[in-house]
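>>> Show me the folded form of this:
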Amino acid sequence: MQRLYDFIRSHPTGVDVFWAVVLLGMSLLWIGAITPALDNPVGYGAIAVLYSLVVALRRRAPEKMLVLTVALGVVQLVLDIEPFMADFAMLVIVFTVAAHDGPRWASRLALAAGLCAAPLSHLRWPLEGNLSVPAQVFFAVIMAVPFALAWVLGDSLRTRRAYFAQLEEKAARLEREREAQAKVAVAAERARIARELHDVVAHNVSVMVVQADGAAYVMDSSPETAKQALETISTTGRQALAEMRRLLGILRTGEHQEAGEYVPQPDVEQIEELVEQVRGAGLTVDLAVEGTPRELPTGVGLTAYRIVQEALTNTRKHGGPDAGASVRLVYFDDGLGLLVEDDGRGAPQEMYEDGGADGRGHGLIGMRERVGMVGGTLDAGPRPGGGFRISVLLPLKPAH
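Next up, the predicted model:
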């Protein structure tokens, strides 16, 4: 049964031709049976052939077949060819045009022609017998009902098809939007990973360079100090490699299994370890915590850690010899305050902003992006009397 249904759907013109042949055959049999009573059998035969053509081509050229049907109806009225079996094609073409997604004038013409067919036929060939005027009107209305039903069914089918087509188009559009959003999310995640990688490389390599310079300076005079510096370089290098392996593993498509286990992202609890590491690299850092420490949102904690890391890295790079820094964390009821200052000679403001004069100063740009993502504010610039200050306020609730 399903094969038959699929065949019918895939060969609509063939099906229409079949029913056109059936309609023509039955009409010709009727004409042949009552030929002696007909005044114009040839006219009836021609009308039957043309109506059969209307049924055969109704889906290929619905508007043209509708016009042909209206013309045939007028010819019947003029030549006095009474309605017979072939006129069933009128119902078929009214339904087809109403169901077809074509020009609206065709659908309106089909409705008007269908509603006028029965009254005009009744006026041209009145019923035998002495019927009252109300009875004549009632009969004409009853004969117009099938045409109205055919048009309503066809128009409902057209509306339903349009609705389903709209649903399919909407589903396809949502799928495209979902794919686009996924691509945007991937791009944003890769940008975040790139910033993480920048922080890892800038911080750890800076520590390694400072330790290497110190080891070279005291190699002859204090071998034990040089040995400690080399151990710090080794430890820092391993940490950098571990974090880089984790971050680069995320960027590998389909290779997450090879990236190993991911370590948790750092937060404010690791700031003390970061400060100790920086102190070990030779930079004097004071750490102060005010307020009651408590658990922070992941994004806020990570942002605070990276800002302190970037600020201390910049101090080592630009602060000059004997520079000192201070880190202050303040827990408010609805936010976290950060203040990182140094008393070094600092660097020109343009080295921090807009890529810097040498195109490499992305520190503050990355900070502003991180702070903006959690809805915070950042104020950075030279301190009065020398050095540099970075002040940040991070809200503990997502920004609207």
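>>> May I have the phi/psi pair for residue 288?
With angles defined as degrees, to the nearest 10, residue 288 sits at phi -130, psi 140.
>>> same question, residue 60
phi -80, psi -40.
>>> so who does it touch?
Contacts for residue 60 (CB atoms under 8 Å, 6 or more residues apart in numbering) come out as residue 13. Every C-beta, even on glycine, is put in place using the N, C-alpha and C of the backbone.
>>> Which residue ranges of the stretch 151-300 of the chain form strands?
284-290 (DSSP state E, counting those that start in this stretch).
>>> so where's it uncertain?
Along the stretch 151-300 of the chain, segments meeting pLDDT under 70 span 186, 189-190, 193, 197-203, 243-264.
>>> Tell me how far the residue nearest to the spatial centre of the chain lies from residue 374.
Nearest to the geometric centre of the chain sits residue 177, at 1.2 Å (CA atoms, centre = their mean). Distance from residue 177 to residue 374, counting by CB to CB, to the nearest Å: 26 Å.
>>> can you check residue 342 too?
24 Å.
>>> Check residue 268 too.
Distance from residue 268 to residue 374, by CB to CB: 13 Å.
>>> ok, now residue 11?
If you measure residue 11 against residue 374 using CB to CB, the figure is 63 Å.
>>> More neighbours: those two, which one.
A count of neighbours by other CB atoms under 10 Å puts residue 374 above the other of residue 11 and residue 374, at 21 against 12.
>>> can you count the residues close to the closest residue to that one other than its chain neighbours?
For residue 374, ignoring the flanking residues on the chain, the nearest one in space by CB to CB, 6 or more residues apart in numbering is residue 299 at 5.0 Å. For residue 299, the neighbour count with other CB under 10 Å is 16.
>>> Make sure residue 299 is actually in contact with residue 375.
No: contact criterion CB atoms under 8 Å: residue 299 and residue 375 do not qualify, at 9.6 Å.
>>> Please enumerate the helices of the chain.
Along the chain, counting by DSSP state H, helices occupy 2-10, 12-33, 41-56, 62-79, 88-99, 104-124, 133-218, 223-251, 271-280, 298-318, 363-373.
>>> Format those helices as JSON lines; extra columns: distance to residue 389.
Below are the helices of the chain laid out as JSON lines (distance: least, CB to CB, whole Å):
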{"stretch": "helix 2-10", "distance to residue 389": "75"}
{"stretch": "helix 12-33", "distance to residue 389": "79"}
{"stretch": "helix 41-56", "distance to residue 389": "88"}
{"stretch": "helix 62-79", "distance to residue 389": "78"}
{"stretch": "helix 88-99", "distance to residue 389": "75"}
{"stretch": "helix 104-124", "distance to residue 389": "71"}
{"stretch": "helix 133-218", "distance to residue 389": "20"}
{"stretch": "helix 223-251", "distance to residue 389": "27"}
{"stretch": "helix 271-280", "distance to residue 389": "17"}
{"stretch": "helix 298-318", "distance to residue 389": "9"}
{"stretch": "helix 363-373", "distance to residue 389": "12"}
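>>> Looking at those helices, which is nearest to residue 381?
helix 363-373 (9.5 Å; CB to CB).
>>> Now do the closest one and helix 298-318, the angle between them.
Counting by axes from the mean of the first three to the mean of the last three CA atoms, to 10 degrees, helix 363-373 lies at 170 degrees to helix 298-318.
>>> got the CA coordinates for helix 363-373 in PDB?
Output of helix 363-373 as PDB, limited to C-alpha atoms (Å, rounded to 0.1, in the frame of the first residue of the first chain):
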ATOM      1  CA  GLY A 363      48.600  43.600  29.000                       C
ATOM      2  CA  LEU A 364      46.000  46.200  29.800                       C
ATOM      3  CA  ILE A 365      43.900  45.300  26.700                       C
ATOM      4  CA  GLY A 366      43.600  41.700  28.000                       C
ATOM      5  CA  MET A 367      42.900  43.000  31.500                       C
ATOM      6  CA  ARG A 368      40.000  45.200  30.300                       C
ATOM      7  CA  GLU A 369      38.600  42.300  28.300                       C
ATOM      8  CA  ARG A 370      38.600  40.100  31.300                       C
ATOM      9  CA  VAL A 371      37.100  42.700  33.600                       C
ATOM     10  CA  GLY A 372      34.500  43.600  31.000                       C
ATOM     11  CA  MET A 373      33.400  39.900  30.700                       C
END
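>>> average model confidence for that helix?
For helix 363-373, mean pLDDT rounds to 78.
>>> Going by neighbour count, list what's buried in it.
Counting neighbours by 16 or more other CB atoms under 10 Å, one finds that the buried residues in helix 363-373 are 363, 364, 366, 367, 368, 370, 371.
>>> Which other helices and strands does that helix contact?
On a contact count with 3 or more CB pairs under 8 Å, 6 or more residues apart in numbering; DSSP states H and E, helix 363-373 meets helix 133-218, helix 298-318, strand 377-382, strand 388-395.
>>> so of those, which one's packed in deepest?
helix 298-318 (a mean of 22; mean count of other CB atoms under 10 Å).
>>> Sweet, I'm off.
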